[in-house]
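Trainee: pasting a predicted model and its sequence here:
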Amino acid sequence: MRPINLIPDELRQGSYAPMRTGAIPYILVGALVALLAGVALLVVTGNQVSERKSEVTQMEAEDAAAQNEAQRLAAYTQFQTLHEQRLATITGLADSRFDWERVMHELSLVLPRDVWLTSLAASASPQAEGSGSALRASIPGPALELQGCAAGQERVGGFVTVLKDIDGVTRVGVESSELGDQEEGAGISSGSGGGEGDSADCRTREFITKFQIVVAFDAAPVPTSAGAEVEVPSATETAESTSSETESGEGEG
């Protein structure tokens, strides 16, 4: 005969005892585990965010320090750039500058006593104002344009020879060399007035030769910008200015 368990279901114990509370405890436990996992994930995420913020703050501080250092050193960089620019400018000016003072000094030393100048123009390039000579136009660099008179054609030739002794002269061209009027007294009458005729023609004697000479300095560097023409007043202009100053001084006295 099969045994029958007469104990009520709610009082039975053992592996076959039915669940008294149902699935609620398992749901609560699962919810608690999920909550703990969420809290742990939130804590970990918060820690990571804090670390990243710290790294960002540190990187911003380093960037600010680097910018401050760059600004502090920028003055030295600008100074170095300015120094190089000025050095290049000074070097360019020094290379293109022509020593006219030396040339004039040497010209005064080689100028013969029987040769006198009525006009002298010095220009760094043929584009300079007043450089209308055909010989001057063929010289790309510095040149002297001389006008004056000498006691004969031989003196003009000798003057051309001594001009070649000036340091830096590469060639000397004679644009014109003409004697005065062969009629007796014509040259004297043209220069005795002491006015504009004297500056236009210095040939006061028939043997005096009027010349126009161009002295070239081809080896000199051509300046980047054309230099201004340097003109020397003629002997007549100097005499007239001196005379006017003397007359004005006497009038005031």
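Mentor: Everything's here; your move.
Trainee: domains for this structure, by residue range?
Mentor: The record's domain split for the chain, according to automatic domain parsing, is 21-96, 100-252.
Trainee: can you pull out the strands in the chain?
Mentor: Counting by DSSP state E, the segments of the chain that form strands are 115-123, 143-150, 171-179, 209-216, 230-232.
Trainee: reformat those as a markdown table; add distance to residue 156, mean neighbour count and mean pLDDT.
Mentor: To be clear about C-beta, it is placed using only N, CA and C from the backbone, and glycine gets the same treatment. Converted to a markdown table, the strands of the chain look like this (distance: least, Cβ to Cβ, whole Å; neighbours: other Cβ atoms under 10 Å; pLDDT from 0 to 100):
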| stretch | distance to residue 156 | mean neighbour count | mean pLDDT |
| --- | --- | --- | --- |
| strand 115-123 | 8 | 20 | 89 |
| strand 143-150 | 5 | 23 | 92 |
| strand 171-179 | 5 | 15 | 90 |
| strand 209-216 | 5 | 22 | 93 |
| strand 230-232 | 19 | 15 | 43 |
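Trainee: who wins for proximity to residue 161 among those strands?
Mentor: strand 171-179 (8.4 Å; Cβ to Cβ).
Trainee: from the contact counts, what lies against that closest one?
Mentor: On a contact count with 3 or more Cβ pairs under 8 Å, 6 or more residues apart in numbering; DSSP states H and E, strand 171-179 meets helix 134-137, helix 153-163, strand 209-216.
Trainee: okay, the ones you listed in a markdown table with distance to residue 60 next?
Mentor: Shown next, in a markdown table, are the helices and strands packed on strand 171-179 (distance: least, Cβ to Cβ, whole Å):
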| stretch | distance to residue 60 |
| --- | --- |
| helix 134-137 | 69 |
| helix 153-163 | 76 |
| strand 209-216 | 69 |
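Trainee: return the most buried member of the domains of the chain.
Mentor: Burial of these is given as mean neighbour count (mean count of other Cβ atoms under 10 Å); domain 100-252 ranks first at a mean of 16.
Trainee: quick one, which of the helices and strands packed on strand 171-179 is nearest to residue 109?
Mentor: Across the helices and strands packed on strand 171-179, closest to residue 109 is helix 153-163 (Cβ to Cβ), at 9.2 Å.
Trainee: coming back round to it: can you flag the weakest of the domains of the chain by average pLDDT?
Mentor: Lowest mean pLDDT of the domains of the chain: domain 100-252, a mean of 73.
Trainee: residue 75: which of the strands of the chain is closest?
Mentor: strand 230-232 (42.0 Å).
Trainee: in JSON lines, list the domains of the chain along with distance to residue 2.
Mentor: Shown next, in JSON lines, are these (distance: least, Cβ to Cβ, whole Å):
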{"stretch": "domain 21-96", "distance to residue 2": "31"}
{"stretch": "domain 100-252", "distance to residue 2": "128"}
